[in-house]
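Asks: I'd like to go over a predicted model; first the sequence, then the structure.
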Amino acid sequence: MKCARLSLFFFASISLFSQVSYERLLRAPQEPQNWLTYSGSYLSQRYSLLDQITPANVTQLDLSWIFQAQSLEKFEATPLVVDGIMYLTQPPNDIVALDAKTGRLFWVYQYHASSGARLCCGLVNRGLAILGNTLYMGTIDAHLVAIDAKNGHVLWNTEVADCTLGYAITHAPLVVKDKIVVGTAGGEYGIRSFLAAYDASSGKQVWRFDAVPAPGMPGHETWQGDSWEHGGGSFWVTGSYDPTTNLTYWGTGNPGPDWNPDQRPGDNLYTDSAIAVDADTGQLKWFFQFTPHDGSDWDSTQVPVLADLDWNGARRKVMLWANRNGLFYVLDRESGRFLSGRPFVNQNWNSGLDANGRPILIPATEGARVNPGNQGGTNWYSPSYSPRTGLFYVTAWLDTFATYLRTSGKYEPGRRFMGGSFKSPLPPIRRGPINTWTEEGGHGGILALDPHTGKTQWEFKTHDVSDSGILTTASDLLFTGGREGYFYALDARTGALLWKFTVGGTGAANPMTYRIDGKQYIAIAAGHCLFAFALRDQP
Amino acid sequence: MSTALGLALIMLGVAGQPPGQTHSDSTLTTEAGARLYFAYCSACHGAEGNTIPGVDFRTGKFRRASSDDDLTMIVQRGIPGTAMPPNSFGNSELRAVVGYIRSLQGSHLEALRGDARRGQMIFEGRGGCLNCHRVNGKGAYAATDLSDIGIIRSIDYLQRSLVDPAVSDLPEHRRIRAVTRDGVAVAGRHLNEDTFTVQLIDSKGNLISLLKSELKAYEVVKGSTMPSYRDRLSPGELEDLVRYVYSLKGSASK
């Protein structure tokens, strides 16, 4: 009895005083028992120092608990774990607080989005941010809400943009110092997207960066006429931050309309780009455009992975980026300078990159097959970088293709603004449990890329493609899921399959890991559930 | 005639209009509907309306709709719990887009000659179709069950697949040939597959699930085993057969 009281007191103490300061966020990799940001740290490597689960014992992984979402929407969220408490979005915008050890609920916050919200591809949310004892969530109706992490009560609710025009927020916010950074999705609705920072305590906007520059701004010359007004450049995956440069890095989405580039002559900055903005002011420090004048909908909304590498004899702060356009890039994240770029999937749209990383296009007629397909070589799901193996891991769609039809897209507020359509044997969203996939449409694979050469060190080939991200750990394990309804572990050094579990539903989310009472857990959303695994207790 | 109306009857085509169905306002141009369709619908449904498994506008058949009013309601309100979103079209736009969706289907039942009763006799008799296919509880499991094929497939597709088996060479109709580590040969129709396993049904109706890691050999056989009836049946008999097959509407028609 005394023991029980003691442990209750201890637990309550932890809960009362567990404030997630900015300093803790900076040092997130050093407290691997927690998962404090969407990608695990500001570096966004989705790599954890936890090493209790190893290649030798991973076959002893067992299901610890399941959380069943009260929602049939696609479950794309990565949970946060703070000192034993898991915070998770239940699609689209409910928040649940769970005991991360048992999966039991503490509270549920229900958000009622405006009926005016419109999203291209499902009512989704990818996660939360935390600062102090406050959770932050972007919503499908383009609001940013602050929630008391102790009881799920709203502290403030700020409208970021007008959802009836197609603006939405689907990614987890990024906390930098005392600001909450979010950007707007809606690239299929002719929005003109922006990234903005909000004061963490008041919800008031502090700065705003427009992804499509207005007249008079640098970059505006890459648009003609009024095409910039509906130029897209959306944000729908969480960016990264480097305190040494004080830059926050984000990827931008496709230009609008998606498939008719004739309507918007020019490079269409800053769409399909990596951008680096000053975290205090929102001023653009540099940009790198992966796909100028894109007509394939190849959003550059991938997670910017930051690493420090020995590069040609010198230590260099780099950014690693496997892009939807099918090329893997290494950029200098201090200057934005292009360091290298190489295809990681079969592609037929460029014959190489020039010295500045600009693609040299291969002329193609309308309706011709383009590799990779519309969904690209990869997409929004997180890659991982392991400092131990020095390899970059990415979920790839291999040997895919699409053909495109251009039509004149007329902008009408709140309506889709696509400018055509595409054909591909790949269903963009898996429906139903039956998979009659064939090789003709391409296949999936987990690739391990050497950042120095861009070459594939190993490939774990999968029958179907996957929308699941990747987690690596300090024991050289790689975890991922996918459309086939498995969650599995590979040897991060060799790609050998070590363990798999049937979760049954499509995995369109990223795995994460945490530790409670000395036990390491791995969690992943799939279907309409979140699954937590840990090593079986020894008898 | 022992061979069967082999594997598969599915995909492409232009379809018949069920009798009694209301039609869209013909005063609106197809172009207006096409413009809306390509702006709002084709990203998911594809240029031809067939990229979502189980939803094929070309058949003119819809699981949740039969009339234009039903279609209008779905376009307007979406389908909760699915990726089909609501749309804020005006009335004329709704008519145009529904009209365009309707236009994706082609030939009409009225244009189909033939006699369903005679077609059934061919199907169950010298056509040998039941040697592979199954209809309303009769026949074999080697090929697809055709009990509701008239809902799923268009007239045009059915016509073409009878004379050109390549039309029905679809992934879901392919055969699997496998040999287990113990040397047991397994064959059947491909039902489902992933990286690690494959599921099939053999000609006797046994549902079989195999672990790929336990197989010595494994092959997805490309090409249809459906024979061509171009030279086996007269044009009139083919029309009878199509008329019968198209009349198969599953339990909804009983």
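Replies: That came through fine.
Asks: and residue B:245, which helix or strand is it part of?
Replies: helix B:235-246 (DSSP states H and E).
Asks: what comes into contact with that helix?
Replies: B:9, B:16, B:109, B:112-120, B:122-123, B:127, B:146, B:149-150, B:155, B:158-159, B:162-163, B:229, B:233 (CB atoms under 8 Å, 6 or more residues apart in numbering or on different chains). Where C-beta positions appear, they are placed from N, C-alpha and C, glycine not excepted.
Asks: how far is that helix from where the chain is centred?
Replies: The chain centroid and the centroid of helix B:235-246 are separated by 17 Å under CA atoms, centre = their mean, to the nearest Å.
Asks: and it, average pLDDT?
Replies: For helix B:235-246, mean pLDDT is 94.
Asks: and residue A:499, which of the three is it?
Replies: Under DSSP: H, G, I helix; E, B strand; the rest coil, residue A:499 falls in the strand class.
Asks: report how many residues lie close to it.
Replies: 18 (other CB atoms under 10 Å in any protein chain shown).
Asks: roughly how far apart are residue A:271 and residue A:124?
Replies: 21 Å (CB to CB, to the nearest Å).
Asks: residues of the helix holding residue B:245 that come out buried?
Replies: Across helix B:235-246, burial judged by 16 or more other CB atoms under 10 Å in any protein chain shown covers B:237-246.
Asks: got it, and stretch A:109-124?
Replies: Those would be A:109, A:111, A:113, A:117-124, for stretch A:109-124 by 16+ other CB under 10 Å.
Asks: does that stretch reach chain B?
Replies: Yes - using CB under 8 Å from any CB of the partner chain, we find that stretch A:109-124 touches chain B at A:118-122.
Asks: now do the SS call for the spatially most central residue of chain A.
Replies: Taking CA atoms, centre = their mean, the centroid of chain A lies closest to residue A:237, which sits 4.1 Å from it. Put simply, residue A:237 is coil when judged by three-state DSSP.
Asks: what's the per-residue pLDDT of it here?
Replies: Per the predicted model, pLDDT is 98 at residue A:237.
Asks: can you tell me the closest non-neighbouring residue to it?
Replies: residue A:301 (4.4 Å; CB to CB, 6 or more residues apart in numbering or on different chains).
Asks: next up, the contacts around the one you found.
Replies: Residue A:301 touches A:234-237, A:251-253, A:324, A:379-380, counting by CB under 8 Å, 6+ apart.
Asks: just the ones of the residues you listed in strands?
Replies: Among the contacts of residue A:301, the subset assigned to strands under DSSP state E consists of residue A:251.
Asks: so which helix or strand takes in residue A:300?
Replies: Counting by DSSP H and E, residue A:300 is part of no helix or strand.
Asks: what's the residue in the stretch 1-150 of chain B that chain A sits nearest to sitting at in phi/psi?
Replies: Chain A sits closest to residue B:42 of the stretch 1-150 of chain B, with a gap of 3.5 Å, by CB to the nearest CB. When read as degrees, to the nearest 10, the backbone of residue B:42 gives phi -70, psi -20.
Asks: what's the neighbour count on it?
Replies: So residue B:42, with other CB under 10 Å, has 24 neighbours.
Asks: pretty sure it contacts residue A:419?
Replies: No - the criterion here is CB atoms under 8 Å, and residue B:42 misses it with residue A:419 at 10.8 Å.
Asks: just give the closest residue to the residue in the stretch 201-350 of chain A that chain B sits nearest to, not the sequence neighbours.
Replies: In the stretch 201-350 of chain A, the residue that lies nearest chain B is residue A:258 (7.9 Å; CB to the nearest CB). Closest residue to residue A:258 apart from its sequence neighbours, by CB to CB, 6+ apart: residue A:297 at 4.4 Å.
Asks: give me the distance between that neighbour and residue A:199.
Replies: Residue A:297 is 34 Å from residue A:199, by CB to CB.
Asks: compare the two (neighbour count), which wins?
Replies: Between residue A:297 and residue A:199, residue A:297 has the larger neighbour count (other CB under 10 Å), namely 28 against 14.
Asks: how near is the closest residue to chain B within the stretch 51-200 of chain A to residue A:97?
Replies: Proximity of the stretch 51-200 of chain A to chain B (CB to the nearest CB) peaks at residue A:72, 4.5 Å away. Taking CB to CB as the measure, residue A:72 and residue A:97 are separated by 22 Å.
Asks: those two: which has the busier surroundings?
Replies: residue A:97 (21 against 13).
Asks: quick one: the strands in the stretch 1-150 of chain A, in order.
Replies: Applying DSSP state E, counting those that start in this stretch to the stretch 1-150 of chain A gives strands spanning A:47-48, A:61-68, A:80-82, A:85-90, A:94-99, A:105-109, A:129-131, A:134-138, A:143-148.
Asks: now mean pLDDT too, for those strands, in TSV please.
Replies: Converted to TSV, the strands of the stretch 1-150 of chain A look like this (pLDDT from 0 to 100):
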stretch	mean pLDDT
strand A:47-48	98
strand A:61-68	98
strand A:80-82	98
strand A:85-90	98
strand A:94-99	98
strand A:105-109	98
strand A:129-131	98
strand A:134-138	98
strand A:143-148	98
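Asks: so for residue B:195, which of those sits nearest?
Replies: Minimum separation from residue B:195 across these (CB to CB) falls at strand A:61-68, 18.4 Å.
Asks: can you redo the contacts of residue A:301 as CSV with distance to residue B:54?
Replies: Below are these laid out as CSV (distance: CB to CB, whole Å):
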residue, distance to residue B:54
A:234, 30
A:235, 33
A:236, 28
A:237, 30
A:251, 34
A:252, 35
A:253, 29
A:324, 27
A:379, 24
A:380, 26
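Asks: now the farthest one out in chain B, which residue is it?
Replies: residue B:182 (37.3 Å).
Asks: tell me the secondary structure for it?
Replies: Strictly by three-state DSSP, residue B:182 counts as coil.
Asks: what parts of the stretch 101-250 of chain B come near chain A?
Replies: B:170-172, B:174, B:190-196, B:220.
Asks: now do 7 Å
Replies: With CB under 7 Å from any CB of the partner chain as the criterion, the stretch 101-250 of chain B meets chain A at residues B:171-172, B:190, B:192-196.
Asks: just give me the closest of these to residue A:189.
Replies: residue B:171 (33.7 Å).
Asks: state whether residue A:360 and residue A:351 are indeed in contact, as I suppose.
Replies: Yes - with contact defined as CB atoms under 7 Å, residue A:360 reaches residue A:351; the gap is 4.9 Å.
Asks: name the next helix or strand following the helix or strand harbouring residue B:210 along the chain.
Replies: Taking DSSP H and E as the definition, one finds residue B:210 inside strand B:207-211. Next in sequence after strand B:207-211, counting helices and strands by DSSP H and E, comes strand B:215-221.
Asks: report the buried residues of that following strand.
Replies: Buried, per 16+ other CB under 10 Å, within strand B:215-221: B:215, B:220.
Asks: count of neighbours near the nearest residue to residue A:481 once chain neighbours are set aside?
Replies: Leaving out its chain neighbours, the residue that sits closest to residue A:481 by CB to CB, 6+ apart is residue A:507, at 2.8 Å. Applying other CB under 10 Å, we find 29 residues neighbouring residue A:507.
Asks: distance of residue A:507 from residue A:387?
Replies: For residue A:507 relative to residue A:387 (CB to CB), the value is 25 Å.
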